[in-house]
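>>> Fold the following.
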Amino acid sequence: MVLQVRSADGGLVAERDTTNMVLRGGARLIANLFAGIGGAGRIDSIGIGFAGEPGNSELLALTPPDAALAIPDAALSTALPPESFEIKDDLAGFVRVNVSARFSPSREIAGVSEAGLLAGDTLYNQVIFEPVTLRNGQDVTFFWQIDFPFG
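Modelled structure (predicted):
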């Protein structure tokens with residue numbers, strides 16, 4: 001995963017590059033899609049959180065902010081429209097899904113150190129990175145490359 005934070009004029013403010021962990025709930029989501037059961041839906045949003053350390057594969061939610069910060073839940077996620085996804089199926093040995101997730105902060109949010117892709121309330125993955133402060137007016141973009149090997 002790569003995170004880029006750009007100012008209103010397009011200048012790069014911060015960048016993070018790290019790997020992610022697919023969670024048991026994410027693996028179950030894929031399994032349910034295979035079986036066509038459980039009301040499994042597509043990845044439809046990105047969330048941000050405040051974890052200092054990676055969780056384990058049983059993690060169900062991103063780490064919320066300190067209650068004293070009074071950050072509403074709506075400020076911690078954003079919807080992913082279908083055009084956020086690009087599928088590349090002409091690669092040797094794997095199919096890749098590129099996800100370009102734009103996050104537009106509605107207020108200053110200090111100490112963001114975690115992100116994840118969600119399908120409804122199901123957290124697919126967790127990414128931990130060096131904390132960054134997001135501000136209203138910035139263009140924040142998360143890039144994921146998700147590979148599904150075959151052969």
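
>>> Mind checking what secondary structure the residue positioned nearest the centre of the chain has?
The centroid of the chain falls nearest to residue 116 when counting by CA atoms, centre = their mean (3.2 Å). Three-state assignment for residue 116 (DSSP: H, G, I helix; E, B strand; the rest coil): strand.

>>> That one is in contact with residue 127, isn't it?
Yes: taking CB atoms under 8 Å as the definition, residue 116 is a contact partner of residue 127 at 6.6 Å. From N, CA and C alone the C-beta is placed, and that goes for glycine too.

>>> and for those two, which residues touch both?
In terms of CB atoms under 8 Å, 6 or more residues apart in numbering, residue 116 and residue 127 are both contacted by the residues residue 20.

>>> how many other residues sit next to the closest residue in space to residue 131 that isn't next to it in sequence?
Leaving aside its chain neighbours, residue 131 sits nearest to residue 113 (4.4 Å; criterion: CB to CB, 6 or more residues apart in numbering). Other residues near residue 113 come to 19 when the count uses other CB atoms under 10 Å.

>>> and residue 113, what helix or strand is that in?
Per DSSP states H and E: residue 113 is located in strand 109-119.

>>> Now do that strand: which elements does it pack against?
In terms of contacts (3 or more CB pairs under 8 Å, 6 or more residues apart in numbering; DSSP states H and E), strand 109-119 is packed against strand 45-49, strand 125-134.

>>> Lovely, talk soon.
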